[in-house]
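>>> Have a look; sequence and predicted model below, questions after that.
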Number of protein chains: 4
Amino acid sequence: MANFKGHALPGSFFLLFGLWWSVKYPLRYFNEKVNKKSHRNHCYQRLDVIEGAAKIIFALIGMLAEQFVPDGPHLYLYSGEERSWVKLMNWQHTTMYLFYGLSGVVDVLTYSPLKLPLGLDRLMLSVAVFVEGFLFYYHVLHRPMLDMHIHSLLLIAVFGGAFSILLEVFHRDNIVLELFRASLTILQGTWFWQVGFVLFPPRGGPAWDEDDHDNIMFVTMCFFWHYAAAVLIMIANYALTYWYVSRQCFDEIGKYFHLHFTDGELMHKET
Amino acid sequence: MANFKGHALPGSFFLLFGLWWSVKYPLRYFNEKVNKKSHRNHCYQRLDVIEGAAKIIFALIGMLAEQFVPDGPHLYLYSGEERSWVKLMNWQHTTMYLFYGLSGVVDVLTYSPLKLPLGLDRLMLSVAVFVEGFLFYYHVLHRPMLDMHIHSLLLIAVFGGAFSILLEVFHRDNIVLELFRASLTILQGTWFWQVGFVLFPPRGGPAWDEDDHDNIMFVTMCFFWHYAAAVLIMIANYALTYWYVSRQCFDEIGKYFHLHFTDGELMHKET
Amino acid sequence: MANFKGHALPGSFFLLFGLWWSVKYPLRYFNEKVNKKSHRNHCYQRLDVIEGAAKIIFALIGMLAEQFVPDGPHLYLYSGEERSWVKLMNWQHTTMYLFYGLSGVVDVLTYSPLKLPLGLDRLMLSVAVFVEGFLFYYHVLHRPMLDMHIHSLLLIAVFGGAFSILLEVFHRDNIVLELFRASLTILQGTWFWQVGFVLFPPRGGPAWDEDDHDNIMFVTMCFFWHYAAAVLIMIANYALTYWYVSRQCFDEIGKYFHLHFTDGELMHKET
Amino acid sequence: MANFKGHALPGSFFLLFGLWWSVKYPLRYFNEKVNKKSHRNHCYQRLDVIEGAAKIIFALIGMLAEQFVPDGPHLYLYSGEERSWVKLMNWQHTTMYLFYGLSGVVDVLTYSPLKLPLGLDRLMLSVAVFVEGFLFYYHVLHRPMLDMHIHSLLLIAVFGGAFSILLEVFHRDNIVLELFRASLTILQGTWFWQVGFVLFPPRGGPAWDEDDHDNIMFVTMCFFWHYAAAVLIMIANYALTYWYVSRQCFDEIGKYFHLHFTDGELMHKET
């Protein structure tokens, strides 16, 4: 959907996943430090399945929205009368969502009885991001300069993310790569919103001059400001998680002492 | 051969190899899980030699077909009379097949008394795919837009595959990379067929308009649908293999119990 | 600042860091060989924090200089009256410094109580260098040929450096990568000065002919001479450090013998 | 030197090194298999120093030839009278040789008392190859189509080689990478000769039509035939080395038996 909502929808999906990951991975990192790979591992597997299911649902919502909005193709691909393709733009977006859906399916199958080999889930996610990138790349050729540029900046985040996720196939559970993935996903999310605001001003203000070189220079810079903001959000979420986990630890130590001192004796347990 | 058969032939070769790999690698993966690297290893080495031989045979068929079709060069490279090269297109295809043949030779030599170092077979396969990619890249410059685009999409599968196989030099027997290779090979196979259908409609229907931007948009999308289909085929073959192996396991357990219960005694063996 | 000082300032920053690294890393390498990972480790952590602080300070100086030079934007981004962006060039340079500042912040946080996971500092530095590269890339499009070429050569050093630092995320404390980073940083430093001299001759001599192909050929070559010089500086600093460390060792051995022989006895200690 | 000799000289250097490596690395590989990392290691270090020295000598020859051929620059870089650069082409070639010389210096220093960290030698060789690649890349812009194409094919071998050598920094003594390097070096060598023959026919025959698309198609193909030939040479040298080493083994076993049987007794020694 070449309008504001068509950019806000995927933007929100990416933002949601990015923010969630920016909390989930630090949390797991701290828990592992404290508990040294205990039963929690199982709990994170269940989370991965839920994430997979969420991806499938989001992808379905996206595909249905692209197909059945009033000016959508309604599942018609070729119009025999006019001898022409029907609403290919929407079909391309549908394809993009399809691959994120497939990635969700592989996530779920990884922890199903089929037990797909670990790493396939990351590979499929990487493929989905690459597909998004290639679709965008061919998508924006022959468009006005600003439109092309604003989308091609997105490609930096997309291909950067795709390569980073590809590395996760070989370096699974590497906290650095996972945080990088989260930051690039947040960047994609906010940038989709930004693209919507620039190309389809929702309040109907005057459109940007698409051939002004200054606009292009500003947009380039703005993209990296978004990333700087994403980095700051990541640091803030990391710090909050740290504070939450360490307070919890103190609480447990507190309870422990309270319990044993009121009993009038002191026990040493190995944890 | 710039006609339908010239695309169907390599397409079938790739499809055959891709489908075979999509069964072979899950099978080995499950066997290793059950048997923990036993004598079966030897059996997979023999399979590799047979694969190498198949590559050589396929390459020979391809080379002979390119040279000796009625409008082929019949091994003439330069025509002294006309002072010009003879049927360079066919010669380029011959070159492509030649490198797959060389890859087959290296496969066979790896398990011959010469014992080429492990990894060279993967490297040579990767080189063969790279050569195919470079030949295509220079091949399609200065062609009509649709022709160029439909071939350049192939390059995504080709170079993606070449890099993935290159990684196998360092991560040999990595099931994720092997399945990825299988999926990209299936994609190449089906896409060669698709190219044949689009550029040389076998039933002689009207040719596609080569400069219609909509056709290009559709073809881009169609390429990724092929990959989605390849992924689904991979999952189906994986599941079938899983079902086959686990049924076999149950059968063996069944036989075992049958044998010992009819004997009237119960034995515990460690497996 | 599109003038000589605007190139000399970042050039000096890069040169300072490059030269410092070309001494620091050989020093650590020799110390580790002698002491086999002792308490010195702690000392190098403190150095990393100081480096981080230096980065933040340099970045602040750079940002303030770009904003508050007489012809700078003075923090105005958009001029409502003229309906146009204000001094975007300076804003882009500010953005570049901002990311180096962020990299410094992550360096400091890595050794703060928050304990960011090791590797994030390298990743953030790599991102900062990538951002510099992308900003330059979009920066110099549509400029005169020589200007474009002289900046695009810089991109070789920038992207080369960014990839090399990215590798350090996975190969931390790899002396080869660290020395490579140092050499590319020196190269960036001297090249910024060179760009300043070519595009804005400080003594006001005649400007270079920006469309002479020979100038472009010379500049290409000159860039690699800078790197050859950087390599020679690296080797010299390495040799000096080697000489300094080994003299220190002999001194200590000398003291040891002096001490024990004057005592009239000979002791054997395991080191 | 833009003439036949200017291409034959570097071609011979590359060919010499490539052929030497295609014998040296299989030899080391077989020796290691037999002797399991014995004193021979020391012998291969000495070979590396000799190789470094050979690189320095070859580089000096190349540099002197480029500077002091009759129509060379004779170390003049800028002509004040004509206000123009002198023979930049020769200077660029000199730069190319300079970096191979530097690589030789680093090779020698690695085994000198300075003991540069292992891996720097490979990195410097990789840098030398990258520099060659970049010089060629900027070198051939704005040339006739065939000239450009024939040189840009060389870039495949150059950048492929540079990346492969870069991998050797992390996977040192990996026989697969070393053989790949050897094969690409042979390819560079023969291709330099081929370029000389095509662009400057030594027997003075008619020059090739530089804008005939068929010539370009043939040249592309011919490049890969060169590589196929290089692969066959590699296999032949590998087989010869294998035959030589295994005959030597049998000889030793023969001597051993001869010695002990004439003594009239049979001894079993563990080797």
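Here it is on my side, so go on.
>>> Going by C-alpha atoms from here, please, whenever you check contacts or count neighbours.
Fine.
>>> In three-state terms, label the nearest residue to A:Val140 once chain neighbours are set aside for me.
Computed as Cα to Cα, 6 or more residues apart in numbering or on different chains, the closest residue to A:Val140 that is not its neighbour in sequence is A:Met148, at 5.4 Å. Here A:Met148 takes the helix state, with states given by DSSP: H, G, I helix; E, B strand; the rest coil.
>>> Surely A:Met148 and A:His139 touch.
No: using Cα atoms under 8 Å, A:Met148 is not in contact with A:His139; the gap is 9.0 Å.
>>> Show me which residues of the stretch 1-150 of chain A sit near chain B.
A:85, A:88, A:91-92, A:95, A:99, A:102, A:114, A:117-120, A:123, A:131, A:135, A:138-139 (Cα under 8 Å from any Cα of the partner chain).
>>> So among these, which ones count as buried?
Using 16 or more other Cα atoms under 10 Å in any protein chain shown as the burial test, these include A:85, A:88, A:91-92, A:95, A:99, A:102, A:117-120, A:123, A:131, A:135, A:139 as buried.
>>> By pLDDT, give me the weakest of those residues.
Minimum pLDDT for those is recorded at A:His139 (80).
>>> quick one, what contacts that residue?
B:Met217 (Cα atoms under 8 Å, 6 or more residues apart in numbering or on different chains).
>>> do the same with A:Gln188
So A:Gln188 contacts A:11, A:14-15, A:154, A:157-158 (Cα under 8 Å, 6+ apart).
>>> What's the PyMOL syntax to select whichever of those residues are buried?
Of those, the buried ones can be selected in PyMOL as follows, counting by 16+ other Cα under 10 Å:
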select buried, chain A and resi 11+14+15+154+157+158
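>>> can you tell me which of the contacts of A:Gln188 are up against chain D?
Of the contacts of A:Gln188, not one also sits near chain D (Cα under 8 Å from any Cα).
>>> Show me the contacts of A:Gln188 that map onto helices.
A:11, A:14-15, A:154, A:157-158 (DSSP state H).
>>> Pipe those into a markdown table and attach pLDDT per row.
Converted to a markdown table, these look like this (pLDDT from 0 to 100):
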| residue | pLDDT |
| --- | --- |
| A:Gly11 | 95 |
| A:Phe14 | 96 |
| A:Leu15 | 96 |
| A:Leu154 | 92 |
| A:Ala157 | 95 |
| A:Val158 | 96 |
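>>> so which of these would you say is closest to C:Ile57?
A:Ala157 (28.5 Å; Cα to Cα).
>>> What residues does that closest one make contact with?
A:184-185, A:187-188.
>>> So which of those wins on neighbours?
A:Gln188 (30 neighbours; other Cα atoms under 10 Å in any protein chain shown).
>>> Count the residues that sit near A:Asn90.
Per other Cα under 10 Å, the neighbour tally for A:Asn90 reads 24.
>>> Can you tell me which helices and strands the helix or strand encompassing it packs against?
A:Asn90 is part of helix A:88-110, with elements assigned from DSSP states H and E. Counting contacts by 3 or more Cα pairs under 8 Å, 6 or more residues apart in numbering or on different chains; DSSP states H and E, helix A:88-110 packs against helix A:40-68, helix A:120-139, helix B:213-262.
>>> Pull out the buried residues from the second one.
For helix A:120-139, a neighbour-count test (16+ other Cα under 10 Å) marks A:120-136, A:139 as buried.
>>> what angle do it and helix A:40-68 make?
30 degrees (axes from the mean of the first three to the mean of the last three Cα atoms, to 10 degrees).
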